[in-house]
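Novice: quick one: sequence plus predicted model below, questions after.
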Amino acid sequence: MGGFRTVEGDGAFITGPNGMGMRHLGGNSRETNGINGAGQVVGYFITTEGDHHAFITGPDGGAMMDLNSLVDLPQQWVIANASDINNSGQIVAYITRVPEVPEPQIYGLLLAGLSLVGFAARRKKAEKLLKLLSLFCLASAIHL
């Protein structure tokens, strides 16, 4: 097993016994990290959204699968990388939490809140200006 880097992206490959029969594992942006005696390969790939997902292949590097599709993790958690696999099929993996993307309604509420703060600040400034103006007029009237 191994990896390569080109202008188009990273890739991974596996060979048969004695390094013969090299096969590309498909796609771009993949990295292999471990292989067991059955030829199951683990590593990670980058999704079209830019997220890291761990993968495992079948024996001899066939049928690559996202490890996240094989387990039931709590929402917002993802298996990002698989670093090794033993001959029993046990995998050492890195799990991370994906940040929650705010709903569009949150942006609307934020904008409304900022508008109210701006309105309140402008009103306060106008009231202050009105007080200064009335004090000026009062001072001018007394001075006459």
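Specialist: Sure, I can see it.
Novice: tell me what the lengthiest strand in the chain is packed against?
Specialist: Across the chain, the strand with the greatest residue count (assigned by DSSP state E) is strand 77-85. Under the contact criterion of 3 or more Cβ pairs under 8 Å, 6 or more residues apart in numbering; DSSP states H and E, strand 77-85 touches strand 30-35, strand 41-46, strand 52-56, strand 91-97. Glycine gets a C-beta too; all of them are placed from N, C-alpha and C.
Novice: can I get those in TSV with mean neighbour count, distance to Gly118 and mean pLDDT?
Specialist: Listed next are the helices and strands packed on strand 77-85 as TSV, based on neighbours: other Cβ atoms under 10 Å; distance: least, Cβ to Cβ, whole Å; pLDDT from 0 to 100:
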stretch	mean neighbour count	distance to Gly118	mean pLDDT
strand 30-35	19	48	82
strand 41-46	23	41	85
strand 52-56	21	40	89
strand 91-97	15	34	91
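Novice: want to throw those into JSON lines with distance to Leu70?
Specialist: Formatted as JSON lines, these follow (distance: least, Cβ to Cβ, whole Å):
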{"stretch": "strand 30-35", "distance to Leu70": "16"}
{"stretch": "strand 41-46", "distance to Leu70": "12"}
{"stretch": "strand 52-56", "distance to Leu70": "8"}
{"stretch": "strand 91-97", "distance to Leu70": "10"}
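Novice: tell me which of these sits nearest to Leu67.
Specialist: The closest of those to Leu67 is strand 52-56. By Cβ to Cβ, the value is 4.2 Å.
Novice: so how far is the closest one off the chain centroid?
Specialist: 14 Å (Cα atoms, centre = their mean, to the nearest Å).
Novice: between strand 41-46 and it, find me the angle.
Specialist: Counting by axes from the mean of the first three to the mean of the last three Cα atoms, to 10 degrees, strand 52-56 lies at 150 degrees to strand 41-46.
Novice: and the helix or strand just after strand 52-56, how far out from the chain middle?
Specialist: Toward the C-terminus, strand 52-56 is succeeded by strand 65-66 as the next helix or strand (DSSP states H and E). Chain-centre distance of strand 65-66: 18 Å, with Cα atoms, centre = their mean.
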